[in-house]
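J.: got a structure for you, letters missing:
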């Protein structure tokens, strides 16, 4: 099942159920927006799956894919992991920081009151902040009780999403060194248009990981197509980590961190900082700069048959 | 003007306007909860102040102070500073960490989907996590545009609140050392019952600081009465820091960090870790342990005339 949000009454937009071929959609009479639906998923899922079946059977109408918002234009909680160890290793090079010693998943809490839609222009105040994208996968959970095991957490993963975790690199290292995590360096993220149920990914959803290539283009040039399979921890581990000392509110979004592969020489990267680190390793200094106003980034996970289950993020960076 | 939230329809509760003497209250016919009101404060403030005047004139009814919830039982964003330099210095001793080098305010993003009410029992999974309280002040802003100056930020501070930022100290240092900030070490906070407008504090609201003593009792014994005046940065500076690269959503709560004074030998502390650090400085080792299940903490800011503008947090720690 594929869900999306189109402009509608209020900041949460209007939930629609989208056909598998992405050509038709229908709104639910009972569930006005996705935040409401995920808040009562036991009741909502059946209604929405019945609606999805009717859309597959020919009901529904064409919709304007160009104006879709983030599936969750806002939510109560966004916790972003950093579960690809290759990303961590390269960021140590990029940031000039020591290896992080921990036996737990890495995770920070970021802003969740706004997620940009897939085609929204994204405003930043200053190119000198080192504007970077981070291609990620994420999951949306229903209510998760404190202390849950990773095995039980898997069943609370209701939707999978694709995220661009915008990052301001020049602000990141000083904030990281305080130990308090990132505030200024992590403004609002963007989301691809479709949130999908795990079953919709078939074999590509395995062991709490999204085994798909995340194709990224920067200003029309291929930048990377790393696969989501190499997470050191699965999403169920990340959910359990997040819930160790708190109940997770329904609608909590948990991110994978930047998708990265050991074979980066072949597959490229999902953020500019990694490419810069690879350049530093090879040549002693980075040769790629960060994004400029007017730059475009496109991100879409691709199935072996060429389908894009989350649709695509395709957006431009603008001066605030 | 004093606002509170009593149990009511839905997770946001019901907003009430409370008389200055705290004996009577009235609900607004137009503003069902505080999150809705702060989201449209330009319209809500006049309505609520008119209601407050009628309550002062004798309208309204007695209310059950024992069941009040947090003024904001949930909000879209909670950004907690650490603006008392004495707290920072003592926490370096408690944590055995190096001084933090930064020329900006310290701030992390914490969970905002739940704030415990002032009398709610607070569940934790394990005493071994080092359960600690942190007495703080906080402010609630309406919508703040990205890039605002500290001077302009002052006018967006619409309400002042009193917060207990629950902290799990055994989990805090490992998380801090990752640079990602705290997730497991910072579960949900608690709030005192009354949110007040800045004018309601009179001279005690000065230069973006709350010049009141925060009286704290642990299991009935006086623990501290540090004054809020010694913030290295005022709340307007914290708001501007938070808004440097993001718009702040209406209802964002910004915390002061643990209230601490240079004269801690006389005034005591607002968290157990500070007391332990003071013991370490004096005797080489801490003698005070962290909280046990069943322990009670009481926190109330006190005006010179003895009044408690935010009411009191008075709650017990329980086993999850």
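T.: Sure, I can see it. Predicted, not measured: the structure shown is a model, and the values here were computed from it.

J.: which residue ranges form the helices in the stretch 51-200 of chain A?
T.: Remark: helices assigned in the stretch 51-200 of chain A by DSSP state H, counting those that start in this stretch are A:85-95, A:150-153, A:169-178.

J.: which outside residues touch stretch A:283-293?
T.: Residues from elsewhere that reach stretch A:283-293, judged by Cβ atoms under 8 Å, 6 or more residues apart in numbering or on different chains: A:94, A:124, A:127, A:130-133, A:169, A:218, A:272, A:275-277, A:279-280, A:297, A:317-319. Glycine gets a C-beta too; all of them are placed from N, C-alpha and C.

J.: Residue A:233 and residue A:85 touch, don't they?
T.: No. Checked against Cβ atoms under 8 Å, the pair residue A:233 and residue A:85 is beyond contact range at 9.5 Å.

J.: more crowded one of these two?
T.: Summary of the neighbour comparison: residue A:233 and residue A:85, criterion other Cβ atoms under 10 Å in any protein chain shown, with residue A:233 having more neighbours (24 against 16).

J.: Secondary structure class of that one, three-state.
T.: The three-state label given to residue A:233 by DSSP: H, G, I helix; E, B strand; the rest coil is coil.

J.: Name the nearest residue to residue A:278, ignoring sequence neighbours.
T.: residue A:264 (6.3 Å; Cβ to Cβ, 6 or more residues apart in numbering or on different chains).

J.: Next, please give the residue ranges for the strands of the stretch 1-150 of chain A.
T.: A:2-6, A:14-18, A:25-27, A:78-81, A:107-110, A:115-116, A:122-124, A:131-132, A:135-141 (DSSP state E, counting those that start in this stretch).

J.: mind giving me JSON lines with those strands and columns for distance to chain B and mean neighbour count?
T.: Output for the strands of the stretch 1-150 of chain A, formatted as JSON lines (distance: least, Cβ to the nearest Cβ, whole Å; neighbours: other Cβ atoms under 10 Å in any protein chain shown):
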{"stretch": "strand A:2-6", "distance to chain B": "17", "mean neighbour count": "25"}
{"stretch": "strand A:14-18", "distance to chain B": "19", "mean neighbour count": "24"}
{"stretch": "strand A:25-27", "distance to chain B": "23", "mean neighbour count": "20"}
{"stretch": "strand A:78-81", "distance to chain B": "6", "mean neighbour count": "26"}
{"stretch": "strand A:107-110", "distance to chain B": "4", "mean neighbour count": "26"}
{"stretch": "strand A:115-116", "distance to chain B": "12", "mean neighbour count": "24"}
{"stretch": "strand A:122-124", "distance to chain B": "7", "mean neighbour count": "18"}
{"stretch": "strand A:131-132", "distance to chain B": "10", "mean neighbour count": "24"}
{"stretch": "strand A:135-141", "distance to chain B": "12", "mean neighbour count": "27"}
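
J.: Quick one: closest of the ones you listed to residue A:242.
T.: Across the strands of the stretch 1-150 of chain A, residue A:242 has its closest neighbour in strand A:78-81 (4.9 Å, Cβ to Cβ).

J.: List the pairing partners of the closest one within its sheet, with orientation.
T.: Under the criterion DSSP bridges, strand A:78-81 sits next to strand A:107-110 (antiparallel), strand A:253-255 (parallel) in its sheet.

J.: Quick check: which of the ones you listed is nearest to residue B:239?
T.: Taking Cβ to Cβ, strand A:107-110 is the member of those nearest to residue B:239, at 18.3 Å.

J.: Contacts for that closest one next, please.
T.: If you take Cβ under 8 Å, 6+ apart as the criterion, strand A:107-110 is touched by A:77-82, A:165, A:181-182, A:186, A:189, A:238, A:241-242, B:108-111, B:180-181, B:183.

J.: how far out from the middle of the chain is it?
T.: 13 Å (Cα atoms, centre = their mean, to the nearest Å).

J.: cool, and stretch A:100-117?
T.: In terms of Cα atoms, centre = their mean, the centre of stretch A:100-117 is found 11 Å from the chain centre.

J.: before we move on, what about stretch A:60-76?
T.: On the basis of Cα atoms, centre = their mean, stretch A:60-76 is displaced by 15 Å from the centre of the chain it belongs to.

J.: hmm, it in reach of chain B?
T.: Yes. With Cβ under 8 Å from any Cβ of the partner chain as the criterion, chain B is reached by stretch A:60-76 at A:74, A:76.

J.: pLDDT of that stretch, averaged?
T.: Rounded to a whole number, the mean pLDDT of stretch A:60-76 is 97.

J.: count of neighbours near residue A:160?
T.: 25.

J.: So it is in contact with residue A:201, correct?
T.: Yes. Contact between residue A:160 and residue A:201 holds when scored by Cβ under 8 Å: they sit 6.6 Å apart.

J.: May I see the buried residues of stretch A:150-167?
T.: Using 16 or more other Cβ atoms under 10 Å in any protein chain shown as the test for burial, stretch A:150-167 gives A:150, A:153-154, A:156-167.

J.: quick one on the thing from earlier: over to the residue nearest to residue A:278: give its phi and psi.
T.: phi -60, psi -20 (degrees, to the nearest 10).

J.: Same question for residue A:181.
T.: Backbone torsions for residue A:181, taken as degrees, to the nearest 10, come to phi 80, psi -170.

J.: Pull up the per-residue confidence for the nearest residue to it once chain neighbours are set aside.
T.: The shortest distance from residue A:181 to any residue that is not its chain neighbour, by Cβ to Cβ, 6+ apart, is 2.3 Å, and that residue is residue B:181. Per-residue confidence (pLDDT) for residue B:181: 98.

J.: What count of nearby residues applies to residue B:181?
T.: Other residues lying near residue B:181 total 26 when counted by other Cβ under 10 Å.

J.: That one contacts residue A:177, correct?
T.: No. In this structure residue B:181 lies outside contact range of residue A:177 using Cβ under 8 Å: 11.7 Å.

J.: what's near enough to touch residue A:140?
T.: With contacts defined as Cβ under 8 Å, 6+ apart, residue A:140 is in contact with A:38, A:71-72, A:75, A:157-161, A:195, A:251-253.

J.: swap in residue A:178?
T.: When contacts are counted by Cβ under 8 Å, 6+ apart, residue A:178 is found next to B:100, B:102, B:106.

J.: Would you mind giving the helices of the stretch 51-200 of chain A as CSV with mean pLDDT added?
T.: Formatted as CSV, the entries for the helices of the stretch 51-200 of chain A read as follows, by pLDDT from 0 to 100:
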stretch, mean pLDDT
helix A:85-95, 94
helix A:150-153, 98
helix A:169-178, 96
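
J.: Please convert the ones you listed to CSV, extending it with distance to residue A:228.
T.: As requested, those are exported to CSV (distance: least, Cβ to Cβ, whole Å):
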stretch, distance to residue A:228
helix A:85-95, 12
helix A:150-153, 18
helix A:169-178, 23
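
J.: which SS state does residue A:294 fall under?
T.: Going by three-state DSSP, the secondary structure assigned to residue A:294 is coil.

J.: what about it, neighbour count?
T.: Residue neighbour count, defined by other Cβ under 10 Å, stands at 11 for residue A:294.

J.: which residue sits closest to it, ignoring its sequence neighbours?
T.: Of all residues beyond its chain neighbours, the one nearest residue A:294 is residue A:316 (6.5 Å), with distances taken as Cβ to Cβ, 6+ apart.

J.: you'd agree the one you found is in a helix?
T.: No. With the criterion set as three-state DSSP, the secondary structure at residue A:316 is strand rather than a helix.

J.: In terms of pLDDT, where does the closest residue to residue A:234 other than its chain neighbours sit?
T.: Closest residue to residue A:234 apart from its sequence neighbours, by Cβ to Cβ, 6+ apart: residue A:208 at 2.7 Å. With respect to pLDDT, residue A:208 has a value of 98.

J.: Thought residue A:156 was touching residue A:208, still the case?
T.: No. When contacts are counted by Cβ under 8 Å, residue A:208 is not listed as touching residue A:156 (11.3 Å).

J.: Name the residues of the stretch 151-300 of chain A found near chain B, please.
T.: Proximity of the stretch 151-300 of chain A to chain B is assessed by Cβ under 8 Å from any Cβ, with A:168, A:171, A:174, A:176-185, A:187-188, A:241-242, A:244-247, A:249, A:252 identified as the residues in range.
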